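Undergrad: Predicted structure and sequence below. I'll ask about it afterward.
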Amino acid sequence: MVNQKHTNIGGVESVAEILNVCERSIERTIMESLGREDPELSDEIRRLMFVFEDISKLADRDIQALLKNVETAQWAMSLKGGSQTLQEKVMRNMSTRAAENLREEMDYLGSVRISEVEAVQQKIVDIVRHLEDTGEISRPTGEEEEEYVS
């Protein structure tokens, strides 16, 4: 009898992790090429590369740009499933009144299906990707945050 063990090494998760730490120009080149060859695989990798919770790693100015592109109702639904850290970061970048309105809307929603929350979260992640592609925001690279001068 022959006894063999099969182990899967690599895969979509590994590719996403590697691309998350690559320079953005290399990431874009690889993803564009892969998008032409296998669009479904490209989308699967892209979805693993930046997840909703990663929004908490964005700089405040990028959060503010994102706030302009996402409706309050979307934030309310998506943050129902978000961490306390993410909720605080988003609300800290809003006016006091807007943050209060968001809290009220979240409370008003009550219990919601996880699938609905995840769908709205994915829409927001897609908006982040679009804003990054247009240069309006920059996603965190995993390196130390850059300092700016006025």
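TA: On my side now, so go ahead.

Undergrad: domain assignment for the chain?
TA: In the domain annotation for the chain, the residue ranges read 11-49, 51-142 (automatic domain parsing).

Undergrad: Mean pLDDT lowest where, among those domains?
TA: Mean pLDDT is lowest for domain 11-49 out of these, coming in at a mean of 84.

Undergrad: need the strands for this structure, in chain order.
TA: Using DSSP state E, no strands are found in the chain.

Undergrad: Pull out the buried positions in the top helix by length along it.
TA: In the chain, assigned by DSSP state H, the helix with the most residues is helix 114-133. For helix 114-133, the neighbour count (16 or more other C-beta atoms under 10 Å) marks 117, 120-121, 124-125, 128-129, 131-132 as buried. All C-beta spots, glycine's among them, are computed from the backbone N, C-alpha and C.

Undergrad: With stretch 89-96 instead?
TA: Within stretch 89-96, the residues that qualify as buried are 89-91, 93-94, counting by 16+ other C-beta under 10 Å.

Undergrad: quick one: which of those is nearest residue 112?
TA: Using C-beta to C-beta, residue 90 is the member of the buried residues of stretch 89-96 that sits closest to residue 112, with 17.3 Å.

Undergrad: Tell me which stretches of the protein form helices.
TA: Assignment of helices within the chain using DSSP H yields the ranges 12-21, 24-37, 39-49, 60-69, 72-79, 84-92, 96-109, 114-133.

Undergrad: pretty sure residue 66 is touching residue 58, no?
TA: Yes: using C-beta atoms under 8 Å as the test, residue 66 is close enough to residue 58 to be in contact (7.1 Å).

Undergrad: okay, and the common contacts of these two?
TA: Counting by C-beta atoms under 8 Å, 6 or more residues apart in numbering, the residues touching both residue 66 and residue 58 are 128, 137.

Undergrad: which parts of stretch 25-33 are buried?
TA: 27, 30-31.

Undergrad: for stretch 100-113, that is, sorry about that
TA: Along stretch 100-113, these residues count as buried under the neighbour rule (16+ other C-beta under 10 Å): 102, 105-106.
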